[in-house]
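[1] I would like to see how this sequence folds:
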Amino acid sequence: MLEKRILTQRFNKYDGLSIRQYIDLDGFKALEKAFSMSSQQIIEEIKLSQLTGRGGAGFPTYIKMQAMLNETRDKYLVCNADEGEPGHFKDRHLIEKDPYQLIEGMVISAYAVGANKGYIYVRGEYNNAIQQLEKTIKIATTKGYLGNHICDSDFSFELVVRRGAGAYVCGEEFALMESIEGKPGRTRVKPPFPTEKGIFDYPTLINNVETFCNLPTIIEHGGEHYSTIGSNHAKGTKLICLSGNVKHKGLYEVPYGTSINDVISELGGGTANDIPIQMVQIGGACGPIIPPRLLNMDIDNEAFEIFDAKMGAGAIIVIDENYDLFEIVLRNMQFFLHESCGKCAPCREGHIQIVKLLQKFVNYQATHKDYVSLQSLAEVIHTTTLCGLGQTSPTSVISTMTYFKEAYDKRINQQNKE
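    Residues are numbered from 1 along each chain as shown. Okay, the predicted model is just below:
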């Protein structure tokens, strides 16, 4: 069996609202165990697990928790459930099908770092997920798993849902904090980082939905046991959002180290109508576009360093030979042009020019000079912008210029012939 269900093990086994059914399925066991441990012991278990952030950056989770624990001021916890990246839907499923798992993970994290208030920042279009969270937070508070003296302990934690501002950039941690504070969603210059100066200038720990949901399993079964799952370079499982030209689209949970090709062929059933794969985009619109010859690579953050990128939040988008490479890349860059907050010049001005250049390739009007300009612009945006939007937005351009150079040459030669 290719899948290994840890985060999704309770999916469709209860209605997502019944706290009694969640408890019957071993829910809150990890939280009760956590209250018998010290903060440092919990963080040590997270360190042993080698858990990394599941929102895209892949940063070691325990390092942020340790930095928060060392702070002595009031502290905040934030769950990033904005999920504005095209091709992603895992966080919505986690919230709608097992919201108590997220709540449990957040309470464990809050207890470990000493935070007494938390926010769940949810994509504004996720109405069902928002309603589900608001209901389960009320129920958990009534039953003593949130609020004052949780599980008869001395620890108190308040959790609030915030609806996202409708901008992709608000998925970036600094823009997200600005939005929670009621300001326009624009990034901040860093350092300082959130664990030092976050919401309302207080230390703030920000993690993705999937990251928080891993904590109950780690605490219940131990960090050492968790580290036996996955590959040499990435531990645990990864939720994969499989879409595009595949027979069985959906959300799958696989151990790190599983190959992209196995996900597409075994879980996805291969391409619809058996049309050959032309390319696959990994990580959503901000991820690299790779040719079929690279599909045997593992789902593993270290493997993706060849693209100067991470696995991202876990999208795999299969694109068959019926689609034009340049129309796909142009669509990606039009999305980022629209979503840029405009704070820094490389992102604000650079995306406009990249879109114009790609339109020339789509229309068979590009020259070699356009190719050089496109390559230069993509690198400048990637290396000089303030936040993750600009740093990752040109990845599809950079990767296709590396792995599909013949397609660019063909468009330039075609234009020259005409």
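[2] so how many other residues sit close to residue 118?
    As a burial measure, residue 118 scores 23 neighbours (other CB atoms under 10 Å). For the C-beta atoms, the positions are set from N, CA and C on the backbone; glycine is no exception.
[3] Would you verify that it is located in a strand?
    Yes. When classified by DSSP: H, G, I helix; E, B strand; the rest coil, residue 118 is found to be part of a strand.
[4] So it is in contact with residue 157, correct?
    Yes. When contacts are counted by CB atoms under 8 Å, residue 118 is listed as touching residue 157 (6.5 Å).
[5] what's the helix or strand for the closest residue to residue 390 other than its chain neighbours?
    Counting by CB to CB, 6 or more residues apart in numbering, residue 347 is the residue found nearest to residue 390 once chain neighbours are left out, at 3.8 Å. When elements are defined using DSSP states H and E, residue 347 is found to belong to helix 345-362.
[6] For residue 369, give me its contacts.
    Contact criterion CB atoms under 8 Å, 6 or more residues apart in numbering gives no residues in contact with residue 369.
[7] what number of residues lie near the nearest residue to residue 143 once chain neighbours are set aside?
    Across the structure, with CB to CB, 6+ apart as the measure, the residue nearest residue 143 apart from its sequence neighbours is residue 19 (5.5 Å). The burial metric for residue 19, expressed as a neighbour count using other CB under 10 Å, is 19.
[8] if I look at residue 19, how far off is residue 145?
    Distance check for residue 19 against residue 145: by CB to CB, to the nearest Å, it reads 8 Å.
[9] My guess is residue 226 contacts residue 219. True?
    No. Residue 226 sits out of contact with residue 219 when judged by CB under 8 Å, with a separation of 9.6 Å.
[10] Could you pull up phi and psi at the residue nearest to residue 143?
    For residue 19, the backbone dihedrals (degrees, to the nearest 10) come out as phi -70, psi -30.
[11] Pretty sure residue 137 is one of the things it touches, is it not?
    No. Assessed by CB under 8 Å, residue 19 is found out of contact with residue 137, at 11.0 Å.
[12] Residues in contact with both of residue 118 and residue 157, list them for me.
    Common contacts of residue 118 and residue 157 (CB under 8 Å, 6+ apart): 77, 106, 110.
[13] which residues are contacting the helix or strand residue 177 falls within?
    Under the assignment given by DSSP H and E, the secondary-structure element containing residue 177 is helix 173-180. Residues from elsewhere that reach helix 173-180 (CB under 8 Å, 6+ apart): 78, 80, 82, 119, 121, 162, 164-165, 167, 169-170, 184-188, 190, 194, 198-199, 204, 206, 341, 387.
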